[in-house]
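>>> fold the following and give me the result.
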Amino acid sequence: MITSSLTLITVYASNNIPNVAWFGFINSVTGILILFNLGLITPIIIVNQLIRPLGNLNAASDKLARGEFNEVKLNYQGKVKELDTLFNNFKIMSEELSSVETMRFDFVSNVSHEFKTPLAAIEGCVIVLQNDELSEEEREDYFKRILTSTECLSSLVSNILLLNKLENITTVPEISEYRLDNQILQILLQQETIWNAKDIYFDLHLEEITYTGPKHIMYHVWSNLISNAIKYSHEHGKIKIHLHKKETDICFTITDKGIGMSEKDIRHIFDKFYQADTAHKKDGNGLGLAQVKKILDMTGNKISVNSKPNEGSSFIVTLSQ
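Residues are numbered from 1 along each chain as shown. Here you go, the predicted model:
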């Protein structure tokens with residue numbers, strides 16, 4: 001456009017302007033035309049580099065506000081650094097929100113399923129108990145089934161409430177100094193009926209260790225790990241529990257020779273409601289190890305797992321002093 005305009009002006013000037021002012025006139029007109037054309041180009045640049053991307057971002061935020069997480073598509077290819085950062089942060093935010101929504105949906109679905117199973121069992125037992133021809137032994141059996149199902153429901157509710165409490169803690173739990181080995185022994189005694197029924201032998205090596213931490217919630221760590229080891233051990237099995245100091249840390253290890261886990265199970269073992277062994281599903285609801293992981297993460301401690309199918313599992317908890 002500049003070339004064509006300049007050509008027309010050159011023809012006009014050669015016929016109408018004296019030679020003495022010719023070169024000065026051409027230079028001035030050229031500069032004006034360049035500025036004029038830049039004035040036309042600048043709005044196009046602004047539209048392509050700023051207005052259009054912001055319009056796309058606005059449309060994406062509108063979809064995000066309506067909960068359409070999977071419909072958010074952003075692909076910024078401009079050269080404005082600030083916009084590139086903004087689009088990248090928005091993309092990360094939408095992915096995180098989508099993940100949270102998926103987790104929420106899965107959680108509600110799992111909770112509904114976990115409630116439905118014992119409730120269906122209770123309903124079935126109550127219907128059968130209406131039969132007047134049942135013997136006393138049969139009635140007693142159905143009453144025991146109802147009791148088992150109500151205990152399952154009670155445990156599920158307690159675990160959900162505890163997990164919800166842990167996830168919403170905004171203040172540091174009460175810290176106290178106490179004997180960690182005594183706390184572990186207390187839990188073993190509380191679960192004596194269960195491990196006695198399976199005739200399980202314990203190999204205990206517990207050092208006398210004074211630990212400073214949230215005593216109340218740490219109780220759930222040891223209780224869940226010990227009950228899991230008992231649950232997945234074979235009858236007449238052996239469980240090793242070691243507690244000792246390792247340099248500046250405290251190391252707790254619990255090892256069983258039970259059914260073990262595959263690599264896939266190990267990757268998901270701390271997920272809510274995940275149960276590697278469906279044969280023991282009636283004995284739990286898949287929230288215990290999720291509680292353990294949450295508590296240890298919250299207190300700045302670590303847990304690791306070693307396991308092989310049919311060879312047993314070993315959980316190692318490392319507490320920072």
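>>> can you give me the buried ones in stretch 211-231?
Neighbour-count burial for stretch 211-231, counted by 16 or more other CB atoms under 10 Å, picks out 211, 213-215, 217-218, 220-231. Using the backbone N, CA and C atoms, a C-beta is placed for each residue, glycine as well.
>>> sec struct for the closest residue to Asp249 other than its chain neighbours, please.
Spatial nearest neighbour of Asp249, chain neighbours left out: Thr318 (5.3 Å); criterion: CB to CB, 6 or more residues apart in numbering. Of the three states, Thr318 takes strand under DSSP: H, G, I helix; E, B strand; the rest coil.
>>> so which of the buried residues of stretch 211-231 are in strands?
Judged by DSSP state E, those include Tyr211, Gly213 as members of strands.
>>> any idea how far Lys302 is from Asp199?
Distance from Lys302 to Asp199, counting by CB to CB, to the nearest Å: 33 Å.
>>> what's the following helix or strand after the strand or helix carrying Lys116?
Secondary-structure assignment from DSSP states H and E places Lys116 in helix 81-129. Moving toward the C-terminus from helix 81-129, the next helix or strand (DSSP H and E) is helix 136-167.
>>> the helix or strand following that following helix packs against which elements?
Using DSSP H and E, the next helix or strand after helix 136-167 towards the C-terminus is strand 176-179. On a contact count with 3 or more CB pairs under 8 Å, 6 or more residues apart in numbering; DSSP states H and E, strand 176-179 meets strand 210-213.
>>> how about residues contacting the strand it packs on?
Outside strand 210-213, the residues within contact range by CB atoms under 8 Å, 6 or more residues apart in numbering are Ile175, Ser176, Glu177, Tyr178, Arg179, Leu180, Met218, Ile250, Thr299, Leu319, Gln321.
>>> same thing but at 10 Å, please
Contact with strand 210-213 is made by 173-183, 218, 243, 250, 299-301, 319-321, as judged by CB atoms under 10 Å, 6 or more residues apart in numbering.
>>> ok, now stretch 178-187?
So stretch 178-187 is contacted by 204, 206-213, 215, 218-227, 241, 243-244, 250, 252, 254, 319 (CB under 10 Å, 6+ apart).
>>> what comes up buried for it?
Leu180, Asp181, Gln183, Ile184, Leu185, Ile187.
>>> now the helix or strand encompassing the fifth one: average pLDDT?
Spelled out, that is Leu185. For Leu185, the enclosing helix or strand under DSSP H and E is helix 180-190. Averaging pLDDT along helix 180-190 gives 93.
>>> can you check stretch 314-321 too?
What stretch 314-321 shows for mean pLDDT is 91.
>>> let's see that stretch as CSV, backbone CA atoms only.
Taking Å, rounded to 0.1, in the frame of the first residue of the first chain, the C-alpha atoms of stretch 314-321 are listed here in CSV:
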residue,chain,number,x,y,z
SER,A,314,6.1,-54.3,55.3
PHE,A,315,5.2,-50.8,56.3
ILE,A,316,7.9,-48.4,57.4
VAL,A,317,7.0,-45.2,59.2
THR,A,318,9.8,-42.6,59.7
LEU,A,319,9.1,-39.9,62.4
SER,A,320,11.2,-36.8,62.4
GLN,A,321,12.3,-35.6,65.9
